[in-house]
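1. output the structure for:
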Amino acid sequence: MGVGYQKKKKGATGRCMAEDLTTRGPWHAPGRFWHHAGMKRFLIALFVPAALAAPATHDGKAREFTHTLKPGGVAEECLRLEAGRSRAFEWQSDSPVDFNIHYHQGDKVTYPVKANKQREGKGRFTAAAGEDYCWMWSTKFPARITGRLGPEE
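-> Now for the predicted structure:
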């Protein structure tokens, strides 16, 4: 039988019997690490937000966006802006949301723009320093946010 894992299963008589999993390894067994639904949800929750919030290619083009947030949800539109460069922006929400524009420097987060309980926003943001900036919305209620980031100027 070799070194491996055994899984108990009910036999025809109702007694528990061991099933040898050594030929395929524990990662193929239902209920084990990779097949565990909780682990799949954890990995998705860990990697998907980081991928979605990653700064876009520095192409400077205008872009439109739509985000549907659940209660407690967060959405971001991130991009690189060099010092002195700017972007016009506008957005609307069907319920009040907290809005900010921020950037990270190590563990420190700086908020050049912050406005709570807003249903819309419009303006032009000019970067004071070359950073990856994120336009971020968060909400305690369901919300649908639509908007546009203008071309870099």
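2. tell me, how many residues neighbour residue 151?
-> Using other Cβ atoms under 10 Å, residue 151 has 12 neighbouring residues. C-betas here are computed from N, CA, C, even on glycine.
3. cool, residue 61 as well?
-> By other Cβ under 10 Å, the residues close to residue 61 number 10.
4. please shift the residue numbers so they start at 464 in all later answers.
-> Happy to do that; since the first residue is 464 now, the last one works out to residue 524.
5. let me see the contact set for the residue nearest to residue 541 when sequence neighbours are not counted.
-> Distances taken as Cβ to Cβ, 6 or more residues apart in numbering place residue 597 nearest to residue 541, at 4.2 Å, with adjacent residues excluded. Residues in contact with residue 597 (Cβ atoms under 8 Å, 6 or more residues apart in numbering) are 516, 539, 540, 541, 564, 565, 566.
6. mind doing that once more with 7 Å?
-> Counting by Cβ atoms under 7 Å, 6 or more residues apart in numbering, residue 597 makes contact with 516, 539, 540, 541, 565, 566.
7. that one should be in a strand, yeah?
-> Yes: judged by DSSP: H, G, I helix; E, B strand; the rest coil, residue 597 forms part of a strand.
8. model confidence score at it, please.
-> Per-residue pLDDT puts residue 597 at 98.
9. same question for the one 3 residues further on.
-> Each residue has a pLDDT score; the one for residue 600 is 98.
10. you'd agree it is up against residue 562?
-> Yes: contact criterion Cβ atoms under 7 Å: residue 600 and residue 562 qualify, at 5.5 Å.
11. partner residues bridging the residue nearest to residue 541?
-> Residue 597 has these beta-bridge partners by DSSP bridges: residue 541, residue 565.
12. helices or strands up against the helix or strand harbouring residue 556?
-> If you go by DSSP states H and E, residue 556 is part of strand 549-568. If you count contacts as 3 or more Cβ pairs under 7 Å, 6 or more residues apart in numbering; DSSP states H and E, strand 549-568 packs onto strand 571-589, strand 594-601, strand 606-615.
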